[in-house]
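S.K.: give me coordinates for this.
(one chain, ligands or ions: 2)
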Amino acid sequence: MNLGRFLAGLGGQPDDEVKMPDAVREEAADALDARPTDRSRVPPGQWVTRGWPVLTYGYAPNFDPARWDLRILGLVENPLTWDYETFMGLPTKKVLCDIHCVTTWSLLDNVFEGVPAAYVAEQARIKPEATHVIAHAEQGYTANLPLADFLRDDVLLAYKHNGDNLSVDHGWPLRLMVPHLYFWKSAKWLRGLEFVNADAPGFWEQRGYHMRGDPWTEERYG
Ligand SMILES: Nc1nc2c(c(=O)[nH]1)N[C@H]1C(S)=C(S)[C@@H](COP(=O)(O)O)O[C@H]1N2
Ligand SMILES: [Mo]
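M.R.: Ligands and ions are numbered 1, 2, ... in the order given. The predicted structure follows:
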């Protein structure tokens, strides 16, 4: 959580952050950490983090808007390739959600903004035989998910978090956000969505993670 935003919420200005004596800053941070956590929002085996860790296999790729595209392919009536400018003009929405990582941290109260997955599915016109989606990211990272999970109205192709553009480490320019499943399903640096008629394990699923990954029933390993 951003201390400036926290203080602004208390009636101060974000600018106070730079002028604030250390003791005051620490007190404010302690007050923030003492906020009671609503345990009913934390799945079993998870603990709440205040910061947002980075978990990347490999390294964050370079982004060149001139070469970037997003492909919607597989079992669709209308395969699509969006360039960066066109994609950024698509309708967006904001989703308030919690993140649950299989490594046991949860980050509550995130506002992500991006293009709804359901909008993408509607534009591409999914064929009735499609049952699953494979998210394709830079450097060959993939994640599989059931079509029904993809089509939920809180799933986004996201590029903003709490009002700011995603950082490169968190997936800029685009990541999938599937808040109701463990976070490895939310592929960073998303470049394609492939609709298929059989489930097939993605990057982490091939390495032992669960094919679906529901945090509430602890679907951690397959
Ligand atoms: N392309 C790509 N997407 C990825 C990953 C990755 O290594 N590469 N890691 C996954 C895992 S295991 C997690 S927990 C989250 C971490 O996202 P964060 O670094 O923004 O916290 O991204 C997921 N998406
Ligand atoms: Mo993860």
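
S.K.: where's the residue lying closest to residue 112 once chain neighbours are set aside, which helix or strand?
M.R.: Leaving aside its sequence neighbours, residue 112 sits nearest to residue 158 (C-beta to C-beta, 6 or more residues apart in numbering; 4.3 Å). No exception for glycine: its C-beta is placed from N, CA and C like everyone else's. Using DSSP states H and E, residue 158 sits in strand 156-161.

S.K.: what's the mean pLDDT across that strand?
M.R.: In this model, strand 156-161 has an average pLDDT of 98.

S.K.: can you check stretch 85-93 too?
M.R.: The model assigns stretch 85-93 a mean pLDDT of 98.

S.K.: and the next helix or strand past the longest strand along the chain?
M.R.: What stands out as the longest strand in the chain, according to DSSP state E, is strand 105-116. Counting by DSSP H and E, the next helix or strand C-terminal to strand 105-116 is helix 117-124.

S.K.: now that following helix: mean pLDDT?
M.R.: Taken as a whole, helix 117-124 has a mean pLDDT of 98.

S.K.: what's the angle between the very next helix or strand once past it and strand 156-161?
M.R.: Where DSSP H and E defines the elements, the next helix or strand beyond helix 117-124 is strand 132-137. Per axes from the mean of the first three to the mean of the last three C-alpha atoms, to 10 degrees, the angle that strand 132-137 makes with strand 156-161 is 40 degrees.

S.K.: just the helices in this structure please.
M.R.: 3-9, 16-19, 22-33, 84-88, 117-124, 147-150 (DSSP state H).

S.K.: returning to that earlier point: next, the angle from the strand holding residue 158 to helix 117-124.
M.R.: 130 degrees.

S.K.: what does strand 156-161 contact?
M.R.: Applying C-beta atoms under 8 Å, 6 or more residues apart in numbering, the contact partners of strand 156-161 are 70, 88, 93, 95, 110-117, 120, 165-166, 170-177, 190.

S.K.: which residues does the spatially most central residue of the chain contact?
M.R.: Using C-alpha atoms, centre = their mean, the residue of the chain that lies closest to the mean C-alpha position is residue 177, 3.0 Å off. Applying C-beta under 8 Å, 6+ apart, we find residue 177 in contact with 95, 97, 112, 114, 155, 156, 157, 158, 186.

S.K.: okay, it: pLDDT?
M.R.: At residue 177, the model reports a pLDDT of 99.

S.K.: that one and ligand 2: what is the separation?
M.R.: Using C-beta to the ion, to the nearest Å, we find residue 177 at a distance of 14 Å from ligand 2.

S.K.: how close does that residue sit to residue 208?
M.R.: Using C-beta to C-beta, to the nearest Å, residue 177 is found at 23 Å from residue 208.

S.K.: which positions in this structure make contact with ligand 1?
M.R.: Taking C-beta under 6 Å from any ligand atom as the contact definition, the chain meets ligand 1 at 52-57, 101, 137, 141, 170-171, 183-184, 186-189, 204.

S.K.: try it again at 8 Å.
M.R.: Residues of the chain lying near ligand 1 by C-beta under 8 Å from any ligand atom: 52-58, 99, 101-103, 137-139, 141, 143, 166, 169-171, 175-176, 182-190, 203-204.

S.K.: now those residues: which count as buried?
M.R.: Applying 16 or more other C-beta atoms under 10 Å to the residues of the chain next to ligand 1, the neighbour count classes 99, 101-102, 137-138, 141, 143, 166, 170-171, 175-176, 182-190, 203-204 as buried.

S.K.: pLDDT weak spots in the protein?
M.R.: Applying pLDDT under 70 to the chain flags the ranges 1-22, 24-35.
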